[in-house]
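Undergrad: sequence? don't have it. structure:
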């Protein structure tokens, strides 16, 4: 009797599969056998896992000995005399003894010896290898004649050739010459050729002494690398050998079930069916055929061999690829009718796990990376896939937490600011204090009241009041022309201009009076900007972040009254930025903080200030003349770019919640609302650590 979770028909895309009564009569026995077969397979899969883990533990010491021996080979003579012996010792008795122990422990094969296993792992070289060996010694003769110091190899050539002909596996003669033919492993043809070719290529040199030494070294390095690769191949082959022995035990138990195939084919026909199925599978995977052609083939293949689990896997993966959940259920129910559902579930989960393992090479630094990985994982099946999807969704949630922290910290960043020779901070009572050099009215901030944000550049500071108005430090002639501004939500100070965001997302710009009034690089061309949520001013440019996470730019790069128009490449890069939360304006470079905690940069990179691609978990950014600073989620700080006056000496900072940078110094605010600083201005800011700022930490 079939239960409610089974189905005797399979229908999709106009195709139908229905077996006659004699098949279902046969299936009454076959179904039980398939279920028992699955129990055997799952038990051996568990054994295989234990064997693999123990193998990896046991080989560690052998790998260390092998690597140590390889490191001691530093000359061509050493390669010739000891190179292959090192590999032979690694395989036999090293790996061979480990394999013997595991086979005895995990399989029924209790009669194997270390010598027998070693003989299996180490195979004789083929005729091609022998031919190259002969060619190699011909090159030795030619090269050594050029280098008189190595003439002894020519004298030994014929003796070595005679030793090479010895037919048995264990080897004869001495050193490399006797072991060469007997120490080749699973990759004898390809890797062996690589070793000899590497050495012989290294011997093709002129008689010049310096070139001679260089060629010798090259040959040694290539030979050592190839021997190491051969060791890796033997390492893999030894584990595969254990698994094959284990597989014979499993197959023996399955054979004892006495399964009789429902339908058998002559060997020639069976081979044709196999090749045809493989061609269809490959064509579908490569996208050469679509479901309209592939699905009818699957119906045909299942009809020919009803218990071929691979065809059900292929069918299920089609359903997953096209997102047909009903078809998934139908396939699983039909497999259940044949007793294949548990095995199908098991195999699909294994395939998913293998694909997930391959996907580990795909980075997860950005939200886009993770979203791409989720798309690639969605069609997979089983516990492995569900676990991976859950993990990736947790990563997305982490990115959301990063974005939330960025938004929370954005206000804190405006509680401190840095000009060329000053550091400014908001006091708990809403006033502002300035530390540094009092020039051009830099310290004149007594009229700053009820301040919620500040921004400094050069020697000037502007402050955003709680009522949405803006005030400026400076002298009567040298201050920001922000009179009349109202309903402002964010501010930023440049070298000769400033900008503010009004409610609704429009932007106001103003010059700094008395400071190169005749210079206009278009930095104030911001009246057409809309939906702006964050603003930053460089010396002669303005950059804004829009509500949708894109960025707009106006003005020129440069300092000292000299503006340089950004290249089309720079402007193009800025225009492609997305998912940006805030920006930071250096002299000739701009940083963009993405909501997933990564950072992008554009502009001058002469001091490596734009090399921020490796940063992650960043919640705030700051830019100086030629250095970049990033505040991490954990309260530590990244630094990149110029450090000629220790302006990015921030590696030991911790518990930081806000950062600011300017021409050549950096300041940070800690969780206890005290300040720290780095750069030449630090000497002038000796009291900065006692500064208490207004912040709701």
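TA: Perfect, I can see it now. In this text the structure is predicted, and so the values were computed from the model without any measurement.

Undergrad: ok, now how distant is the spatially most distant residue from the centre of the chain from residue 441?
TA: What lies farthest from the middle of the chain is residue 476; by CA atoms, centre = their mean that is 55.9 Å. Look at residue 476 and residue 441: by CB to CB, to the nearest Å, they are 8 Å apart. (Each C-beta comes from the backbone N, C-alpha and C, glycine too.)

Undergrad: Could you do residue 654 as well?
TA: Residue 654 is 36 Å from residue 441, by CB to CB.

Undergrad: swap in residue 520?
TA: The gap separating residue 520 from residue 441 is 24 Å, by CB to CB.

Undergrad: low-scoring pLDDT stretches of this protein, where are they?
TA: 1-5, 80, 122-216, 219, 516-517, 560-561, 681-697 (pLDDT under 70).

Undergrad: For the one residue sitting closest to the centre of the chain, which non-adjacent residue is closest in space?
TA: Closest to where the C-alpha atoms of the chain average out (CA atoms, centre = their mean) is residue 363, at 3.3 Å. The spatially closest residue to residue 363, leaving aside those adjacent along the chain, is residue 369, at 5.1 Å (CB to CB, 6 or more residues apart in numbering).

Undergrad: That neighbour falls within a helix, correct?
TA: Yes: membership of residue 369 in a helix is supported by DSSP: H, G, I helix; E, B strand; the rest coil.

Undergrad: Now residue 239. Nearest residue, chain neighbours left out?
TA: Nearest residue to residue 239, sequence neighbours excluded (CB to CB, 6+ apart): residue 55, at 5.4 Å.

Undergrad: circling back to that earlier point, more crowded one of residue 654 and residue 441?
TA: Set side by side, residue 654 and residue 441 show more neighbours around residue 441, with 18 against 15, by other CB atoms under 10 Å.

Undergrad: I figured the more buried one hits residue 475, correct?
TA: Yes: assessed by CB atoms under 8 Å, residue 441 is found in contact with residue 475 at 3.9 Å.

Undergrad: picking up where we left off before, how much space separates the residue nearest to residue 363 from residue 341?
TA: According to CB to CB, residue 369 and residue 341 sit 35 Å apart.

Undergrad: These two: which has the busier surroundings?
TA: residue 341 (21 against 16).

Undergrad: and that one, backbone torsions?
TA: Here is the backbone geometry of residue 341 (degrees, to the nearest 10): phi -60, psi -40.

Undergrad: List the residues that contact residue 48.
TA: Counting by CB atoms under 8 Å, 6 or more residues apart in numbering, residue 48 touches 243, 246.

Undergrad: quick one: secondary structure of residue 505?
TA: Under three-state DSSP, the three-state class of residue 505 is coil.

Undergrad: And the nearest residue to it once chain neighbours are set aside, how close does it get to residue 577?
TA: Nearest non-adjacent residue to residue 505, counting by CB to CB, 6+ apart: residue 531, 4.3 Å away. According to CB to CB, residue 531 stands 15 Å off from residue 577.

Undergrad: Give the residue from these two that has the larger number of neighbours.
TA: Applying other CB under 10 Å to residue 531 and residue 577 shows that residue 577 carries more neighbours, namely 17 against 14.

Undergrad: does the more buried one really touch residue 548, like I thought?
TA: No: the criterion here is CB under 8 Å, and residue 577 misses it with residue 548 at 11.1 Å.

Undergrad: those helices in the stretch 251-400 of the chain, which residues are they?
TA: In the stretch 251-400 of the chain, the segments counted as helices under DSSP state H, counting those that start in this stretch are 267-285, 291-304, 309-322, 325-337, 341-358, 367-377, 383-413.

Undergrad: Rebuild the ones you listed as TSV, extending it with distance to residue 647.
TA: Listed next are these as TSV, based on distance: least, CB to CB, whole Å:
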stretch	distance to residue 647
helix 267-285	54
helix 291-304	60
helix 309-322	53
helix 325-337	58
helix 341-358	44
helix 367-377	31
helix 383-413	18
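
Undergrad: Residue 240: which of those helices is closest?
TA: Residue 240 lies closest, by CB to CB, to one member of these: helix 341-358, at 15.8 Å.

Undergrad: Return the residues in contact with residue 599.
TA: Applying CB under 8 Å, 6+ apart, the residues near residue 599 are 591, 592, 593, 612, 613, 615, 618, 621, 628, 630.

Undergrad: from those, which single one is nearest residue 426?
TA: Distance to residue 426 across those (CB to CB) is lowest for residue 621, with 20.0 Å.

Undergrad: Just give me the neighbour total for residue 268.
TA: For residue 268, using other CB under 10 Å, the count is 7.

Undergrad: oh sorry, the question was meant for residue 116
TA: 12.

Undergrad: Return the distance of the residue nearest to residue 565 when sequence neighbours are not counted relative to residue 256.
TA: Using CB to CB, 6+ apart and skipping residues adjacent in sequence, the residue nearest residue 565 is residue 556, 5.4 Å away. The gap separating residue 556 from residue 256 is 83 Å, by CB to CB.

Undergrad: Show me which of those two is the more surrounded one.
TA: Between residue 556 and residue 256, counting by other CB under 10 Å, residue 556 is the more crowded of the two (19 against 10).

Undergrad: Is the more buried one in contact with residue 571, as I believe?
TA: No: Residue 556 lies out of contact with residue 571 (CB under 8 Å); the separation is 11.5 Å.

Undergrad: Only the buried residues of stretch 273-283, if you could.
TA: Within stretch 273-283, the residues that qualify as buried are 277, 280, 281, counting by 16 or more other CB atoms under 10 Å.

Undergrad: Among the helices of the stretch 251-400 of the chain, which comes closest to residue 15?
TA: helix 291-304 (4.5 Å).

Undergrad: how big is the angle separating the closest one from helix 309-322?
TA: Put simply, helix 291-304 runs at 160 degrees to helix 309-322, going by axes from the mean of the first three to the mean of the last three CA atoms, to 10 degrees.

Undergrad: Start at 31, not 1
TA: Got it, the first residue is 31 from now on, which makes the last one we talked about helix 321-334.

Undergrad: Touching helix 321-334 from outside, list them.
TA: With contacts defined as CB under 8 Å, 6+ apart, helix 321-334 is touched by 40, 42-43, 45-47, 293, 303, 307, 310, 313-314, 338, 341-342, 344-345, 348, 352.

Undergrad: PyMOL command for the buried members of those residues?
TA: This is how PyMOL selects the buried members of these, with burial counted by 16+ other CB under 10 Å:
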select buried, resi 40+42+47+307+310+314+338+341+342+344+345+348
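
Undergrad: what does stretch 541-551 rub up against?
TA: Around stretch 541-551, the neighbours that count as contacts under CB under 8 Å, 6+ apart are 490, 504-505, 507-511, 524-528, 554, 570-571, 585-586, 588, 591, 593.

Undergrad: quick one: residue 548 is in a helix?
TA: No: Residue 548 is assigned coil when assessed by three-state DSSP, not a helix.

Undergrad: what about it, neighbour count?
TA: Residue 548 has 5 neighbours, counted by other CB under 10 Å.

Undergrad: Report the separation between it and residue 370.
TA: Residue 548 sits 84 Å away from residue 370, going by CB to CB.

Undergrad: again with residue 416
TA: Computed with CB to CB, the distance linking residue 416 and residue 370 is 21 Å.

Undergrad: Over to residue 135?
TA: In this view, residue 135 and residue 370 are 32 Å apart by CB to CB.

Undergrad: What of residue 279?
TA: On the measure of CB to CB, residue 279 and residue 370 end up 22 Å apart.
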